[in-house]
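1. Curious how this folds, go ahead:
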Amino acid sequence: MLLGTLGVSIAGEQPAAAYGPSYCSGYRWNVKTGQDPQASQVNLGSVTPTTVGFLTSLSAQPSLSDNSRLAPTELTQYEITGTIVDYQLQHDNDCHVVIQDNSSSNVMITEIPDPACVPSSSPFAAMAANSRSVFSANAASAIGSTVAIKGVGFFDNNTLTSNVAPNKIELHPVLDINFNPGSPPPTNYFTMNASPSTTSVIQGHSATTSIGTQVTSGSSQSANLTASGLPAGATASFSPNPINSGQGSTMAIAASASTPTGTYTVNVKGTGTSTNYTTSMTLTVIAGNDFSLSSNPNSLTVPQGQSGTTTITSAVTNGSAQTVSLSASGLPSGATASSNPSSIAVGASSTMTISTSSSTPVGDDYPVSVIATGPGATHSSAVSLGVDPAPRYWMVATDGGIFAFGNAGFYGSMGGHPLNKPIVGMAATPDGGGYWLVASDGGIFGFGDAGFYGSMGGHLLNKPIVGMAPTFDGRGYWLVASDGGIFSFGDARFFGSTGAVHLNQPVVGMASTPVSGGYWHVASDGGIFSFGDAGFFGSTGDVHLNQPIVGMASTVDGLGYWLVASDGGIFAFGDAPFSGSTGGHPLNKPIVGMASSFDGGGYWLVASDGGLFAFGDAGFSGSKGGQPLNAPVTEMAAA
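-> This is a model prediction of the structure:
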């Protein structure tokens with residue numbers, strides 16, 4: 001039986017709970033008896049030593065939910081060592097045990113519920129029932145006894161019974177009572193809590209939570225804060241750290257872009273000079289805003305001193321759009337990259353211009369990375385950059401006048417010199433250090449490092465010479481006449497001709513294969529004649545043409561060729577890419593020749609007035625279009 005004072009309190013009581021006899025009712029009854037959803041969050045394996053003075057100094061909580069707890073107080077199991085000064089049996093059959101600090105006059109109520117009011121599903125049921133049994137066994141001598149009493153923090157609204165704490169704090173339910181407590185808890189003790197106790201962080205970002213500490217007994221002490229249980233790639237820092245118990249600190253958790261998504265329990269430990277305390281929080285890592293990046297085209301060839309463009313496209317792959325800034329790395333010396341716009345919202349595109357200087361080293365496949373840097377993620381897209389020699393080309397007029405463009409050197413000309421016959425063609429040496437001119441009578445004029453290996457000047461020809469082609473090493477050349485007759489000089493070998501064959505239309509030009517193992521002739525109707533290792537890849541010999549063919553050029557590998565008509569129409573065969581033409585466009589003067597770019601990714605067309613038309617990766621370095629000429633342009637060459 002219980003002795004002591006019997007009191008009844010009915011103020012502010014709530015409807016009965018769903019379990020137990022009818023008297024099992026009261027303010028926040030589910031929380032009192034562990035039937036609320038958060039009851040399982042009370043750490044029954046951890047005890048926080050404290051004092052009546054500390055608990056009664058906490059802020060009052062005048063209105064709280066009937067079915068949820070106030071963290072951290074109502075999620076903490078406290079232990080008070082003090083003296084029982086009174087106890088009362090209430091109308092709900094709870095036993096109010098009044099306890100007083102041993103060193104002060106502070107008092108508060110601790111409540112031991114009737115086991116009949118606590119269902120077995122409550123995590124407190126067994127411990128509360130045992131406490132009731134222990135107290136009943138010692139009730140006769142309870143008043144004046146020193147006990148160690150454990151229970152869960154609880155804010156009540158009790159107004160009628162005596163010994164109520166100023167903030168109405170209680171321990172409810174009491175989970176253990178020891179009438180032989182032995183040594184008291186450490187003099188200096190503190191607790192900690194995280195607020196909020198649940199937080200989320202996006203990959204690649206950071207989040208903060210406040211770490212609060214409370215002195216629960218004795219004096220303040222210095223405590224160093226650490227965190228454990230963080231997912232891979234995440235870090236935690238505290239500011240300030242260390243702190244004195246009773247103070248707070250801000251914990252910042254930074255997640256990397258690769259931190260795995262999911263929910264984690266993070267333990268925050270305070271290591272004090274006298275005691276330690278650990279609190280936990282729940283961290284959820286959320287997938288961050290992410291995007292993809294692509295470049296189109298992803299391969300560029302830019303001549304020295306020129307520029308090329310690629311379109312940078314972005315797309316949201318996770319989360320929402322973010323603004324990213326664009327840059328490039330891996331550029332060769334002398335090259336620069338700029339984007340317009342330089343920053344985009346993911347989902348948009350930008351044009352990146354890569355510009356080279358005259359000193360940028362020639363090379364293939366420079367690995368350029370286009371980089372998009374955003375607040376949540378950074379990605380790159382690879383662009384293969386090729387740098388060709390600066391566009392250099394020459395034009396020759398029928399009087400032998402030479403016009404050099406780009407970094408093409410001027411090595412001399414026949415302009416102003418009397419010629420027996422007009423110039424009809426030219427060819428550059430492999431290194432661009434010289435060129436040959438050929439007249440319609442087969443006369444050869446070499447300049448720069450273009451060696452003289454013979455000519456047909458002064459020899460009787462069946463038909464006039466119409467073009468020429470050099471060998472791959474520059475130590476020879478071929479001349480072709482309008483009847484397809486071939487004349488070989490230097491190391492140029494003879495592989496055959498159409499000199500004795502009836503032609504539907506006259507030959508107008510020629511080109512040689514890469515290793516000088518053969519050559520092609522082209523007639524004005526587009527008929528192709530192949531000799532040596534020169535493959536036949538097609539012709540326009542049986543196709544109606546708007547204008548006659550006037551020239552040809554071969555690809556760098558010899559597996560294709562282009563034909564050009566006087567209106568600038570282009571006919572591509574084999575692996576020769578079609579990069580554009582002037583067919584169908586009005587021209588001031590007819591096209592008279594063509595040349596391919598360094599890597600065969602483009603070509604130039606030249607008109608008789610010196611107008612120059614560049615296609616593909618063939619850069620424009622100037623022309624004579626619109627300028628007075630002494631004689632019309634008849635051909636061009638490039639190296």
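2. which strand residues sit across from residue 607 in the sheet?
-> Assessed by DSSP bridges, residue 607 has beta-bridge partners residue 591.
3. Going by neighbour count, list what's buried in stretch 129-148.
-> Neighbour-count burial for stretch 129-148 flags 129, 131, 132, 134, 135, 139, 142, 143, 145, 147, 148 (criterion: 16 or more other CB atoms under 10 Å). The way it works is simple: take the backbone N, C-alpha and C, and place the C-beta from them, glycine included.
4. from memory the fifth one sits against residue 145, does it?
-> It stands for residue 135. No. Assessed by CB atoms under 8 Å, residue 135 is found out of contact with residue 145, at 10.3 Å.
5. any residues touching the helix or strand containing residue 509, and which ones?
-> Residue 509 is part of strand 507-512, with elements assigned from DSSP states H and E. Strand 507-512 has contacts (CB atoms under 8 Å, 6 or more residues apart in numbering) with 425, 466-472, 478, 480-484, 498, 518-524, 529, 534, 548-554, 561, 593.
6. and those, which of them are in strands?
-> Those of those mapping onto strands are 425, 466-470, 478, 480-481, 518-523, 529, 549-554, 561, 593, per DSSP state E.
7. where do the helices sit along the protein?
-> Remark: helices assigned in the chain by DSSP state H are 29-33, 52-56, 125-138.
8. average model confidence for the second one?
-> If I follow you right, that is helix 52-56. On average, the pLDDT along helix 52-56 is 90.
9. next one: stretch 435-444
-> Averaging pLDDT along stretch 435-444 yields 98.
10. Stretch 59-76 too?
-> 89.
11. Same question for stretch 625-639.
-> On average, stretch 625-639 scores 95.
12. can you tell me the distance between the two ends of that stretch?
-> In stretch 625-639, first residue to last residue: 21 Å (CA to CA, to the nearest Å).
13. mind checking how far it is from the chain centre?
-> Centre-to-centre, stretch 625-639 and its host chain are 51 Å apart (CA atoms, centre = their mean, to the nearest Å).
14. Please identify which of the buried residues of stretch 129-148 is nearest to residue 42.
-> Ranked by distance to residue 42 (CB to CB), the buried residues of stretch 129-148 are led by residue 131 at 15.1 Å.
15. still on that earlier bit, and residue 613, which of the helices of the chain is closest to it?
-> Nearest to residue 613 among those is helix 29-33 (87.4 Å), distances taken as CB to CB.
16. Outside of the closest one itself, list whatever touches it.
-> Contacts with helix 29-33, where a contact means CB under 8 Å, 6+ apart, come from 14, 16-17, 19, 24, 26, 35-36, 39, 66-69, 74, 111, 113, 117-119, 122, 124, 154, 172-173.
17. Name the residues of stretch 217-225 that come out as buried.
-> Buried residues in stretch 217-225, counting neighbours by 16+ other CB under 10 Å, are found at 217, 218, 221, 223, 225.
18. Among these, find the lowest-pLDDT one for me.
-> Among the buried residues of stretch 217-225, residue 217 has the lowest pLDDT, at 74.
19. That residue contacts residue 188, correct?
-> Yes. Contact status for residue 217 versus residue 188: in contact at 6.7 Å, counting by CB under 8 Å.
20. Are any of the contacts of helix 29-33 buried, and if so which?
-> Among the contacts of helix 29-33, those classed as buried by 16+ other CB under 10 Å are 16-17, 19, 24, 26, 35-36, 39, 69, 74, 111, 113, 117-119, 122, 124, 154, 172-173.
21. what is the rounded mean pLDDT of stretch 182-194?
-> 75.
22. any weak-confidence spans in the stretch 501-639 of the chain?
-> By pLDDT under 70, the stretch 501-639 of the chain has no low-scoring segment.
23. Can you get me a residue count around residue 407?
-> Neighbours of residue 407 under the rule other CB atoms under 10 Å: 15.
24. what residues are up against it?
-> Shown in contact with residue 407 (CB under 8 Å, 6+ apart): 304, 305, 358, 389, 390, 392.
25. By neighbours, which of those residues wins?
-> Ranked by neighbour count (other CB under 10 Å), those have residue 304 at the top, with 23 neighbours.
26. Serialize the helices of the chain to TSV and add fields for distance to residue 581.
-> Listed next are these as TSV, based on distance: least, CB to CB, whole Å:
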stretch	distance to residue 581
helix 29-33	86
helix 52-56	91
helix 125-138	92
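27. Nearest to residue 609, out of those helices?
-> Smallest distance to residue 609 across the helices of the chain (CB to CB): 97.8 Å, for helix 29-33.
28. give me the beta-bridge partners of the residue nearest to the spatial centre of the chain?
-> With distances taken as CA atoms, centre = their mean, the residue of the chain nearest its centroid is residue 379 (2.1 Å). Beta-bridge pairing for residue 379 (DSSP bridges): residue 372.
29. how far away is the most far-flung residue of the chain relative to its centre from residue 86?
-> Farthest-out residue of the chain from its mean C-alpha position, per CA atoms, centre = their mean: residue 140, at 74.8 Å. Distance, residue 140 to residue 86, using CB to CB, to the nearest Å: 14 Å.
30. Residue 56 too?
-> From residue 56 across to residue 86, the span is 16 Å (CB to CB).
31. and if you look at residue 269?
-> Distance of residue 269 to residue 86, computed by CB to CB: 39 Å.
32. quick revisit: I'd like the buried residues of stretch 129-148 as TSV, with pLDDT and distance to residue 412 appended.
-> Output for those, formatted as TSV (pLDDT from 0 to 100; distance: CB to CB, whole Å):
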residue	pLDDT	distance to residue 412
129	91	116
131	92	115
132	93	119
134	92	119
135	95	120
139	91	126
142	91	124
143	92	126
145	91	123
147	93	117
148	92	112
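33. Could I get these in JSON lines, plus columns for distance to residue 587?
-> JSON lines is the format used below for the buried residues of stretch 129-148 (distance: CB to CB, whole Å):
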{"residue": "129", "distance to residue 587": "106"}
{"residue": "131", "distance to residue 587": "107"}
{"residue": "132", "distance to residue 587": "110"}
{"residue": "134", "distance to residue 587": "111"}
{"residue": "135", "distance to residue 587": "112"}
{"residue": "139", "distance to residue 587": "118"}
{"residue": "142", "distance to residue 587": "117"}
{"residue": "143", "distance to residue 587": "119"}
{"residue": "145", "distance to residue 587": "116"}
{"residue": "147", "distance to residue 587": "111"}
{"residue": "148", "distance to residue 587": "107"}
